[in-house]
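K.L.:
prediction below, plus the sequence it came from.
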Amino acid sequence: MDVAELLARRHCVKAFDAERKIPEETMAKLREALRLSASSVNTQPWHVVVAAGAAGKERMARAASGPYAYNAPKILAASHVVALCARRDLDSAALEAVLAQEGRDGRFPRPGDAERQRASRESYVALHRDELQDLPHWMGKQVYLQLGTLLLAAAALEVDACPMEGFDPDVLSRELGLEAKGLRPVVMVALGYRSAEDWNAALPKSRLSAETVFTFLD
Ligand SMILES: Cc1cc2nc3c(=O)[nH]c(=O)nc-3n(C[C@H](O)[C@H](O)[C@H](O)COP(=O)(O)O)c2cc1C
């Protein structure tokens, strides 16, 4: 399907069919989309917690209480729920792990390639850590790229999704022991198939006009 059609067709699902599960081969493709997402200087400062069963989804739904209670039914009825997390720090061990993986993947065919890549990545990390002092925010932005990749992949695979910022990150962090793992939850995504109660399915998509969104230069 044409990518514009795909994006026009997808929507944020407000009610999931609790009886329908995403087949494992489709979930494997969605996990691969998450893993293959782009990130600045390939830092990949993320980790994804996947809940497929009732117990895991109940733990995740505990973070959707108080003002976020409206998201709990989606979490509980969805086939799968993913919590996209950012690293709390990008220390040298994390950067060296990425560099080593790039080496194994054949990214350094010429002498000095690895050292150049290390220096380039370290300079960006230093920029965000020391000069801009927005390292956690910068890592969170990479996680949002993962979110965009996941939403497009889900649409392509005819899986419905609801991205959710509406949850208490401290509760989720405690529930999943994320802080001890050096992680911070950024956004959750409920994945599955819409139910007849999904009121958003019947509403037209609304976006600002192309004139508002774009400026064209010659
Ligand atoms: C980062 C992000 C967080 C969102 N958080 C929630 C949420 O907590 N609950 C919810 O029902 N929808 C949530 N949404 C859905 C948006 O409201 C929805 O994507 C937007 O209105 C555009 O509509 P569409 O996705 O149906 O095209 C979120 C979307 C994004 C991208």
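P.N.:
Structure received.
K.L.:
tell me the contacts of the residue of the chain found nearest the ligand?
P.N.:
Nearest residue of the chain to the ligand (Cβ to the nearest ligand atom) works out as residue 166 at 2.8 Å. From N, CA and C alone the C-beta is placed, and that goes for glycine too. Listed by Cβ atoms under 8 Å, 6 or more residues apart in numbering, the contact set of residue 166 reads 64, 67, 68, 70, 71.
K.L.:
quick one: which of the residues you listed sit in helices?
P.N.:
With DSSP state H as the criterion, helices contain none of the contacts of residue 166.
K.L.:
which one of these is nearest residue 49?
P.N.:
Closest approach between the contacts of residue 166 and residue 49, by Cβ to Cβ: residue 64, at 14.7 Å.
K.L.:
hmm, the closest one is touching residue 75, no?
P.N.:
Yes - if you go by Cβ atoms under 8 Å, residue 64 and residue 75 touch, sitting 5.8 Å apart.
K.L.:
now do the shared contacts for those two.
P.N.:
residue 164.
K.L.:
list the contacts for residue 203?
P.N.:
residue 11.
K.L.:
relative to residue 212, how far out is it?
P.N.:
20 Å (Cβ to Cβ, to the nearest Å).
K.L.:
and residue 73, by the same measure?
P.N.:
34 Å.
K.L.:
what residues does the chain have near the ligand?
P.N.:
11, 12, 14, 71, 162, 163, 164, 165, 166, 187, 200, 205 (Cβ under 6 Å from any ligand atom).
K.L.:
which of those are buried?
P.N.:
11, 14, 71, 162, 163, 164, 166, 187 (16 or more other Cβ atoms under 10 Å).
K.L.:
would JSON lines of these with secondary structure and pLDDT be doable?
P.N.:
Shown next, in JSON lines, are these (DSSP: H, G, I helix; E, B strand; the rest coil; pLDDT from 0 to 100):
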{"residue": "11", "secondary structure": "coil", "pLDDT": "97"}
{"residue": "14", "secondary structure": "coil", "pLDDT": "98"}
{"residue": "71", "secondary structure": "helix", "pLDDT": "98"}
{"residue": "162", "secondary structure": "strand", "pLDDT": "98"}
{"residue": "163", "secondary structure": "strand", "pLDDT": "98"}
{"residue": "164", "secondary structure": "strand", "pLDDT": "98"}
{"residue": "166", "secondary structure": "coil", "pLDDT": "98"}
{"residue": "187", "secondary structure": "strand", "pLDDT": "99"}
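K.L.:
could those be laid out in CSV, adding distance to residue 33?
P.N.:
Listed next are those as CSV, based on distance: Cβ to Cβ, whole Å:
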residue, distance to residue 33
11, 19
14, 23
71, 22
162, 17
163, 14
164, 18
166, 23
187, 15
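K.L.:
among the residues of the chain next to the ligand, which one lies nearest to residue 126?
P.N.:
Among the residues of the chain next to the ligand, and counting by Cβ to Cβ, the member closest to residue 126 is residue 187, at 26.6 Å.
K.L.:
residues contacting the closest one?
P.N.:
Counted by Cβ under 8 Å, 6+ apart, residue 187 has contacts 83, 84, 143, 144, 147, 163, 164, 165.
K.L.:
let's see 7 Å
P.N.:
When contacts are counted by Cβ atoms under 7 Å, 6 or more residues apart in numbering, residue 187 touches 84, 143, 147, 163, 164, 165.
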